[in-house]
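In: Dropping the sequence and predicted coords here.
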Amino acid sequence: MSVSDPSRVEPAPECAALLQLPAGERRQAASKVGARAADAGLELRDLVDTMLAAAGAVAEGPALLDALRDALGGLLDGYAGQARVELDRHGSERITFINDLFTGRVDPGRLAERANRYGIRLSATHTVLVGRGAGITPQVAQRVDAALAARFGAANTLTALRDGELVCISAGGLRGIDAELAHLLRGELGAGRWQVAVGRAHPGLPGLAASLEEAHNALDHAAKLNFTAPLLNAADLLVFPVLLRDREAITDLVDTVLGPLVTARGGPQPYLDVLSVLFDNQGNYTATARHMHLSVRAVTYRLDRIRDLTGYHPGEPTQRFTLHAAVLGARLLGWPSS
């Protein structure tokens, strides 16, 4: 058959025919053969072996080496180009499918058929993980997807870049995927430039959207609260949506408990800082002082001053929770700057 026939690829005769073409036509023709070979699913190693075998049947000489170099270069160019086209097409289809999963705007029957191709049963339980940070590119997403599929099985994970975030749909109950995803992102991006949030496991199609929303909320709340842990579990942060659900109540709590700090010399921020660090260190004065580069005496003075102004002290068990909730509420509201 002719090497210009676009309908089929027969590597052996086509590769032999490439060597007989004029030099000016050979590379372009070889590129087409390579592209069709990639489209037909032929392994690159087999394609190169076929080309070398075809060259072995031709008389040796410098002209053969030049022809072989041109032909192999064209084959590899065409093969790689078609592989990139296929990768982009599959990536686009995957993102469209994931968007349809979360929006629920597609007929469930058709969506279920498409889900089967990715090993997803819409009636099953799934967990959504979201990675957010600088440097998460489509190439990073592809490598992470391949690594997770190799570790847990292609039918158990589906990962793609969506709206600048790495979104991973995991079979419910899949152990270790959160730590593995964090490990992969650390390897790709380094430390401190990303966070992963894990939604809770939910069943069915609505459960996917619910788990995604929980992961997003966890990341948003962590940003407001200055939580820097690389791995966040939505289940550990459920108190914050509760606090924000009644904004009037949390605003009243912040104003009532922390409002008097506005009258302090230097404003409320130094006192909010010491309370935040104290709660982050489980009430340990020494660790708080070390973290803030203060003496323990200075920390004690600030806490006593808070009691004088507000009537609340974190050393009092009955008042500790109220103070802590007020400090967290202040972070969420952006108080006192808002």
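Out: Everything's here; your move. Residues are numbered from 1 along each chain as shown.

In: Only the buried residues of stretch 169-186, if you could.
Out: For stretch 169-186, burial by neighbour count (16 or more other CB atoms under 10 Å) applies to Ile169, Ser170, Ala171, Leu174, Ile177, Asp178, Glu180, Leu181, Ala182, Leu184, Leu185. Backbone N, C-alpha and C define where each C-beta goes, glycine included.

In: Looks to me like the last one is in a helix.
Out: Yes - secondary structure assignment (DSSP: H, G, I helix; E, B strand; the rest coil) places Leu185 inside a helix.

In: Let me know the closest of the buried residues of stretch 169-186 to Ala209.
Out: The closest of the buried residues of stretch 169-186 to Ala209 turns out to be Ile169 (CB to CB; 11.3 Å).

In: helix, strand or coil for the closest one?
Out: Following three-state DSSP, the label given to Ile169 is strand.

In: Who is it paired with across the strands?
Out: Assessed by DSSP bridges, Ile169 has beta-bridge partners Val128, Leu158.

In: Pretty sure it sits against Val130.
Out: No - the criterion here is CB atoms under 8 Å, and Ile169 misses it with Val130 at 10.5 Å.

In: Strands of this protein, start to end?
Out: 125-133, 157-162, 165-171, 194-198, 202-203, 231-233 (DSSP state E).

In: Ok, which of these comes nearest Pro22?
Out: Between Pro22 and those, the shortest gap by CB to CB is with strand 157-162, which sits at 44.4 Å.

In: Run through who's touching the closest one.
Out: Contact with strand 157-162 is made by 91, 94-95, 98-99, 118-120, 136-138, 140-141, 144-145, 148-149, 166-171, 174, 177, as judged by CB atoms under 8 Å, 6 or more residues apart in numbering.

In: Which helix or strand in this structure has the lowest average pLDDT?
Out: Scoring the helices and strands of the chain by mean pLDDT, DSSP states H and E places helix 62-103 at the bottom, with a mean of 71.

In: quick one, what contacts the spatially most central residue of the chain?
Out: Taking CA atoms, centre = their mean, the centroid of the chain lies closest to Leu166, which sits 2.2 Å from it. For Leu166, the contact set (CB under 8 Å, 6+ apart) comprises Val130, Gly131, Arg132, Ile136, Val140, Ala141, Val144, Thr159, Ala160, Leu181, Leu185.
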